[in-house]
Structure formats: C-alpha cells, structure tokens
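**Student:** Please work out how this folds:
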Amino acid sequence: MSDTIAADLSPGAYRQAATFLSALDEDWARHIAAIGPCRHEAKPARQPYEALVRAIAYQQLHAKAGDAILGRLLALYPDASFPTPVQLLATDPETQRACGFSAAKLATVRGIAQAAVEGVVPDLDEAKRLPDAVLIERLTSLRGVGRWTVEMFLIYSLERSDILPVDDFGVREGYGRLKGLAKAPTPRQMREIGETWSPFRTVAAWYLWRLPGR
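**Tutor:** Reported below is the predicted structural model:
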C-alpha cells in the first residue's frame with residue numbers, strides 16, 4: 001500500500017481505472033465489459049468517528065440487522081443526526097446495549113468515541129491530510145478496530161483510490177472466480193498480485209466484489 005494520498009475517485013478516474021485494468025489481460029477486459037462503468041459510491045461528508053462507529057455496528061451482520069441496531073442507537077439522540085463522541089460517552093452503557101450491541105462491540109464503539117475525544121481518531125480535515133499507512137497504524141491501535149474496518153473507511157469516507165482490502169472474502173473469492181482458480185488466494189498472495197493494479201486498487205476491488213458466485 002502506498003504511503004501517498006491518492007484520493008481521486010471522480011468519474012474520469014473511474015474510466016481511466018477501467019481502461020487500465022482492462023489492459024491487464026483478457027479476464028479483466030471481459031469482466032469489466034460485462035459489468036460496465038464503475039459506480040462506486042462514497043460517503044465523503046462523514047467524520048471518521050461516525051464512519052468507524054457505523055462500520056462496527058454492521059460488522060459481521062447482515063445489512064438489515066445492522067440497520068436495526070444503528071436505528072435504535074440513533075433514536076436515543078433525537079436532536080442529532082448522529083451523536084457526538086461526548087454524547088455517546090455520556091449515555092448509560094446498558095441503554096446502548098439494549099440497542100442490540102454485543103458487549104465487545106459496545107466496548108469498541110465507546111472506545112472509538114473516547115479516542116475521538118482524545119484526538120487519536122482525527123477529524124475529517126486532518127484525516128484527509130494523513131497518508132493511508134499512517135491512518136491504518138493509528139486506527140488499528142484501537143480495541144476491536146481491524147485493518148479491514150479502516151480500509152473500508154479509507155475507501156468509502158476518504159475516497160482513497162489505491163486501497164485493496166486483501167483480508168476481504170469477496171475480494172479474494174472474486175479474484176479466484178475471475179481466474180478460474182480452484183482455491184482463492186491467501187491475503188499475502190492477494191497483496192502481491194494486487195501490486196500490479198496500483199494506482200487503481202480501489203476500483204479493482206469494486207469490480208472483484210461483482211464477480212457472480214459459483
């Protein structure tokens with residue numbers, strides 16, 4: 001992963017990425033032609049704290065279950081579109097548990113809020129100035145926040161254009177299907193394979209997520 005900040009995810013950049021990836025080999029060209037233009041949609045206005053809390057709420061859950069838990073949490077703060085770190089920390093943990101959080105998830109959510117208060121979780125302006133590797137190192141130091149969670153934040157909140165989440169099941173399985181492999185690559189193998197897709201690894205991941213299941 002690059003230490004530079006590559007954040008161009010404009011429609012023009014999508015087209016450039018698709019052209020680049022299509023030129024890699026016939027498998028990529030065929031798949032991209034079948035899927036069509038990249039339609040990746042980010043949420044760049046969200047603060048890092050909010051993006052991380054939302055990611056944890058949905059972690060290891062179907063979207064419907066995550067929606068329900070997050071909806072109940074937000075209902076505790078009717079005067080805010082999303083609770084501030086201070087508001088979240090001031091709420092009784094048992095009330096938050098009743099929203100559907102496991103004890104471990106709630107500890108992570110409250111830990112993120114505390115880290116935001118202490119400045120460990122940067123605000124959006126600071127995050128935009130920090131390289132990928134710096135953000136990953138800083139945020140994965142938080143309890144319950146893994147590399148995949150931070151990479152989703154980089155892709156969907158900061159619109160970073162060169163992120164390949166090699167621990168992601170869909171990315172590795174997608175590549176296996178793209179190439180007709182009997183077994184999907186390991187994360188280490190996926191990282192090495194993906195080096196040749198730079199600086200368009202985010203768009204590569206988007207296309208791999210769209211490989212049909214076997």
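
**Student:** And the next helix or strand past the lengthiest helix in the chain?
**Tutor:** Secondary structure assigned by DSSP state H gives helix 103-118 as the longest helix of the chain. Scanning forward in sequence from helix 103-118 by DSSP states H and E, the next helix or strand is helix 124-129.

**Student:** Buried residues in that next one, which are they?
**Tutor:** Within helix 124-129, the residues scored as buried using 16 or more other Cβ atoms under 10 Å are 124, 127-128. No exception for glycine: its C-beta is placed from N, CA and C like everyone else's.

**Student:** One more: stretch 44-63?
**Tutor:** 46-59.

**Student:** Next step: these restricted to strands.
**Tutor:** Here DSSP state E is the test, and the buried residues of stretch 44-63 give no hits in strands at all.

**Student:** If you drop the residues flanking it in sequence, what lies closest to the most centrally placed residue in the chain?
**Tutor:** Among the residues of the chain, the one closest to the centroid is M152, at 0.7 Å (Cα atoms, centre = their mean). Once flanking residues are discounted, M152 sits nearest to A55: 5.7 Å by Cβ to Cβ, 6 or more residues apart in numbering.

**Student:** picking up where we left off before, export the buried residues of stretch 44-63 to a markdown table and tack on pLDDT and distance to G146?
**Tutor:** A markdown table is the format used below for the buried residues of stretch 44-63 (pLDDT from 0 to 100; distance: Cβ to Cβ, whole Å):
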| residue | pLDDT | distance to G146 |
| --- | --- | --- |
| R46 | 84 | 19 |
| Q47 | 91 | 20 |
| P48 | 94 | 15 |
| Y49 | 95 | 17 |
| E50 | 94 | 18 |
| A51 | 92 | 14 |
| L52 | 94 | 11 |
| V53 | 94 | 15 |
| R54 | 92 | 15 |
| A55 | 88 | 10 |
| I56 | 91 | 10 |
| A57 | 90 | 15 |
| Y58 | 86 | 14 |
| Q59 | 83 | 9 |
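
**Student:** And the furthest pair within the residues you listed?
**Tutor:** Between any two of the buried residues of stretch 44-63, the greatest separation by Cβ to Cβ is 18.6 Å, found for Q47 and Q59.

**Student:** picking up where we left off before, so the residue nearest to the centre of the chain is in which element?
**Tutor:** With DSSP H and E as the test, M152 turns up in helix 147-156.

**Student:** Put the alpha carbons of that helix into CSV.
**Tutor:** Below are the C-alpha coordinates for helix 147-156, written out as CSV (Å, rounded to 0.1, in the frame of the first residue of the first chain):
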residue,chain,number,x,y,z
ARG,A,147,-7.3,-3.3,9.3
TRP,A,148,-10.4,-4.2,7.1
THR,A,149,-12.5,-1.7,9.0
VAL,A,150,-10.0,1.1,8.5
GLU,A,151,-9.7,0.2,4.8
MET,A,152,-13.5,0.5,4.4
PHE,A,153,-13.2,3.9,5.9
LEU,A,154,-10.4,4.9,3.5
ILE,A,155,-12.5,3.7,0.6
TYR,A,156,-15.9,4.9,1.5
